[in-house]
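Enquirer: could you work out the structure for the sequence below:
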Amino acid sequence: MASRKSSGTELSSIKAIAFDFDGVFTDNRVYVMQNGEEAVVCDRSDGMGISMLRNAVVPMVIISTEKNPVVAARGAKLQLEVLQGIDDKLPTLKKWADDQGFALADIAFVGNDINDVECLNGAGLGVVVADAYPVAAEAANMQLTRNGGRGAVREFADLLLAARATD
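Expert: Presented below is the predicted three-dimensional model:
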């Protein structure tokens, strides 16, 4: 069971989700090939979670510092908007929320590391994966039980959809 601390925003009232990529959709490792190309490992159950959220008409975006094309490729496969090469994520999150017609209080942000702290604090619900770095975990309102790249996105999808069903 995910652990929660008060946020003022209930899980059932979340209208949209922004995700970090590395450490959330991946286990934070990268495979470097001899030609310099990089590869990551993602969990197929996370893809099913994204599909379930899409079917529930939950707007979603990936906001990543990483510039590698693997982020865009995975986002395209999951039919997610990807904003990458973003060093200062909070202004990008605010603009995306505005463009979607939502306040930051309506948004959950799922992250794992120090470059996610501002978004974890700024979003209505800050969520981290189980193996998040302590600085990110301290900033979050919710910590999942699954590690990044090991079904954490699916866990959050299940929790959000269950909260909406009981509301």
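Enquirer: mind listing the helices for the chain?
Expert: 44-55, 69-77, 89-100, 117-122, 134-139, 152-166 (DSSP state H).
Enquirer: tell me, how many residues neighbour Lys89?
Expert: Neighbourhood size, Lys89 [other Cβ atoms under 10 Å]: 24. The way it works is simple: take the backbone N, C-alpha and C, and place the C-beta from them, glycine included.
Enquirer: hmm, it is touching Ile63, no?
Expert: Yes: contact criterion Cβ atoms under 8 Å: Lys89 and Ile63 qualify, at 5.1 Å.
Enquirer: overlap of the contact sets of those two?
Expert: With contacts defined as Cβ atoms under 8 Å, 6 or more residues apart in numbering, the residues adjacent to both Lys89 and Ile63 are Asp20, Cys119.
Enquirer: can you give me the neighbour number for the nearest residue to Met48 once chain neighbours are set aside?
Expert: Leaving aside its sequence neighbours, Met48 sits nearest to Arg154 (Cβ to Cβ, 6 or more residues apart in numbering; 6.2 Å). When neighbours are counted by other Cβ under 10 Å, Arg154 registers 22.
Enquirer: do you know the pLDDT at Arg154?
Expert: Here the pLDDT value assigned to Arg154 is 98.
Enquirer: any idea how far it is from Glu138?
Expert: With distances taken as Cβ to Cβ, to the nearest Å, Arg154 is found 24 Å from Glu138.
Enquirer: ditto for Tyr31
Expert: Counting by Cβ to Cβ, the gap from Tyr31 to Glu138 is 30 Å.
Enquirer: and the residue most central in space within the chain, what are its bridge partners?
Expert: Geometric centre of the chain, nearest residue: Phe19, 2.3 Å, by Cα atoms, centre = their mean. Following DSSP bridges, Phe19 is listed with bridge partners Ile62, Val110.
Enquirer: show me the shaky parts of the protein.
Expert: The chain contains residues with pLDDT under 70 at 1-8, 167.
Enquirer: what are the phi and psi angles of the closest residue to Thr92 other than its chain neighbours?
Expert: Excluding the flanking residues, the one nearest Thr92 by Cβ to Cβ, 6+ apart is Ile86, at 5.0 Å. Phi and psi for Ile86, reported as degrees, to the nearest 10, are phi -100, psi 110.
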